[in-house]
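Asker: My questions are about this predicted structure, shown below with the sequence.
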Amino acid sequence: MLVVPVAADHPGSLQANLTTVAGRQVVFVEVADERRRGALTAADGHTFAEAAAHALGAGLPLLIVLSSSGADAHDGIAALHGWGRAARMISRCSGRVPVLMAATGPVLSGPALLLGLADHVVMTEDAYAYVSGPRMVATFTGETLDSAELGGASVHAVETGVAALVVPTPEDALDALGHLLAYLPSSIDEEPPRWPTGDPLDRSTPEAGACVPTSPTGGYDVRDVIRSIVDDADFLELRERWAPNLVTAMATIGGRPVGIVANQPLAIAGTLDIASSQKGARFVSFCDAFGIPLLTLIDTPGFYPGKDLEWRGMIRHGAQLAFAYARATVPRVAVVLRKAYGGAYIVMDCRTMGSDLYLAWPSAEIAVMGAKGAVEVLHRRESPARRAELEQEYEDRFLNPYIAADRGAVDAVIDPADTRREVAHALEMLSSKQERLVQRKHDNQPL
C-alpha cells in the first residue's frame, strides 16, 4: 500500500494506494463524494501530490477517480493551494508515466481543471464537470442551464473533447481505464506491452480497398479500413464523438500497440477543422511520448473553409497538428487511401514532415487541389465545355500517386490487399528506430 501523510485533524476525501488494475500495478487515487461531496481539503491536495510523486518516482501509471465539489471552503485558501500542488505534480508526470482519470460524479470548479491535465479521461453517463456552474452562468449571461446541459458527459464527449470515453457505471469506467492501460507502458523507461495474437502478419486485406468507392466524392467509413488492417479487427477508438472527421484509435498490429490517425470521409468529407486538428495533435503527442508507433490513413480534400474557422484561429490550430507530427520520433507509417490535397496533405504526416514510410494505394490523388478547383483557378475564363476537358486532363496528368512517387514523396504504390503486410513489416523494421533531438528546455508548441 502507498503510505501518504494525511493531517489527523483534516480527514479529507481522498485515498491513495498501490493496487492492481487489469493485471498492472498502478498508483490509484480516488476522491469519493461521501464527505462534503468530495470537497478537497488542504491535506487532500498534499496526499494527491504525494501520490503523483510516488507514481513518477516508481515509474507507475497514475489512475485517478474523481467526484468532487471543488476545493473545501472550510480550509480557505489552503485548499486552493492543495489542488494547485496536485496540478503541479500531475504536470510533472505528463509524458513520463500515463495519467488516466475517471469522472464518476460532479467534478467542479478548480479541480475540474485536473481533468484537462490527464492523458485521457473516462466519464460515466451521469457525471458532469465545469469550472463555472449554472448559477454563475445565469448571473453573468442570463442563460439558464442545468448541470448536464452545461457540463454533462455528452457535452464533453461531443463539444469539448474532454471525455475520451463515456461509460454507464463507475465499474465500467475502471474497466475502460484498464483496457486503455493495456496498450501503454508503465513509464517511458519501458516499451509498450506486446499482445498475443494469432492474426497472420501477411494476411491479405482485399476488403480494405473494397471499402473505398470508385467515385472520388463517395463516402465510406474509414473504420472498416482500420478493422481490416489491425489484429483481429479490434481497436479502441478515443474521442469518437468529438471531431468525428478524424478518427484516433489504439490497436495492435502483429501484437505491437499502435496509434491510428485517420481521416473520416463520413464527416464533412474528411476535411480538417480546428477540433480535428487539436484532436489529432494531442493524440500524436501522446503516442510519441510513450513510444507508441503511429499509422496514419489519409483521405482528405483539405481544410474546411469558412470565416468562422479562420477567425477562431485555424492557422494556429492547424499548426498544432503539423507541429505534433514534425517533432514525433516514434516509427511513423502513412498510407494515402484516396485524396491528399494541399495543406492537409502536409499536416497528415507527409514524407517531408518526417514520415518513415509513405505508401499510397493506386486510387490515391496527391495534389495541390482537386481538378475542379485547379481549373477554376487557372482557367476560369474558359468556356464550361473547355473547363470540363481541362479537368479531365488535370485528373489524368496529376491525380495519381505515380507523379509523387517519381519525385520521392511516395515510397511505394501498393495494392490495398497488401496493406496489412506492408505496414506490419514496416513497423517491425522500424522497431529499433532511434532519433536524437537537440537538447533544449522545451519547445514552444502552438496553442
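Answerer: Structure's in. What do you need?

Asker: For the rest of this, base every contact and every neighbour count on C-alpha atoms.
Answerer: Noted.

Asker: which secondary structure element contains the closest residue to Ala22 other than its chain neighbours?
Answerer: Spatial nearest neighbour of Ala22, chain neighbours left out: Gly178 (5.1 Å); criterion: C-alpha to C-alpha, 6 or more residues apart in numbering. Assigned by DSSP states H and E, Gly178 belongs to helix 170-181.

Asker: Could you name the helices and strands sitting against that helix?
Answerer: Judged by 3 or more C-alpha pairs under 8 Å, 6 or more residues apart in numbering; DSSP states H and E, the packing partners of helix 170-181 are strand 99-108, strand 120-124, strand 165-167.

Asker: what are the pairing partners of the shortest one, and which direction each?
Answerer: Right, the one you point to is strand 165-167. For strand 165-167, the paired strands and their directions (DSSP bridges) are strand 120-124 (parallel).

Asker: ok, then the element right after the partner strand?
Answerer: Remark: after strand 120-124, the chain's next helix or strand is strand 128-130, criterion DSSP H and E.

Asker: Now do the helix or strand following that following strand: distance to the chain's middle.
Answerer: Proceeding N to C from strand 128-130, the next assigned helix or strand is helix 134-141, under DSSP H and E. Taking C-alpha atoms, centre = their mean, to the nearest Å, the mean C-alpha location of helix 134-141 is offset from the chain mean by 32 Å.

Asker: Output the contacting helices and strands for helix 134-141.
Answerer: By 3+ C-alpha pairs under 8 Å, 6+ apart, helix 134-141 packs against no helix or strand.

Asker: Just the C-alpha atoms of that helix, please, in PDB.
Answerer: Coordinates of each C-alpha in helix 134-141 appear next as PDB, following Å, rounded to 0.1, in the frame of the first residue of the first chain:
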ATOM      1  CA  PRO A 134     -25.100  27.100 -13.800                       C
ATOM      2  CA  ARG A 135     -25.700  29.800 -11.200                       C
ATOM      3  CA  MET A 136     -22.700  31.700 -12.200                       C
ATOM      4  CA  VAL A 137     -23.500  31.300 -15.900                       C
ATOM      5  CA  ALA A 138     -27.000  32.600 -15.300                       C
ATOM      6  CA  THR A 139     -25.700  35.600 -13.300                       C
ATOM      7  CA  PHE A 140     -23.300  36.700 -16.000                       C
ATOM      8  CA  THR A 141     -25.000  35.700 -19.200                       C
END
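
Asker: what sits up against that helix?
Answerer: 143-147, 150 (C-alpha atoms under 8 Å, 6 or more residues apart in numbering).

Asker: what about that helix, average pLDDT?
Answerer: Here helix 134-141 scores 90 as its mean pLDDT.

Asker: Any idea which of the helices and strands packed on helix 170-181 has the lowest pLDDT on average?
Answerer: When I compare the helices and strands packed on helix 170-181, strand 99-108 is least confident, with a mean of 94.

Asker: I'd like the distance from that strand to the chain centre, please.
Answerer: Averaging C-alpha positions (C-alpha atoms, centre = their mean) puts strand 99-108 18 Å from its chain's average.

Asker: can you check stretch 420-432 too?
Answerer: Chain-centre distance of stretch 420-432: 22 Å, with C-alpha atoms, centre = their mean.

Asker: Quickly list the domain ranges of the protein.
Answerer: 14-181, 206-364+400-432 (automatic domain parsing).

Asker: Of all those, which one is nearest Asp443?
Answerer: With C-alpha to C-alpha as the measure, domain 206-364+400-432 is the member of the domains of the chain nearest Asp443 (9.4 Å).

Asker: Okay, now the unreliable bits of the chain?
Answerer: For the chain, applying pLDDT under 70 flags the ranges 1-13, 32-38, 70-76, 78-80, 368-383, 385-398.

Asker: Any figure for the gap between Thr124 and Pro362?
Answerer: Thr124 sits 44 Å away from Pro362 when distances are taken as C-alpha to C-alpha, to the nearest Å.

Asker: residues touching Pro168, list them.
Answerer: Going by C-alpha under 8 Å, 6+ apart, Pro168 touches 124-126.

Asker: right, I mislabeled it, should have said Thr271
Answerer: Residues near Thr271 by C-alpha under 8 Å, 6+ apart: 245, 263, 265, 300-304, 344.

Asker: Redo the domains of the chain as a markdown table? Include distance to Glu190.
Answerer: As requested, the domains of the chain are exported to a markdown table (distance: least, C-alpha to C-alpha, whole Å):
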| stretch | distance to Glu190 |
| --- | --- |
| domain 14-181 | 9 |
| domain 206-364+400-432 | 9 |
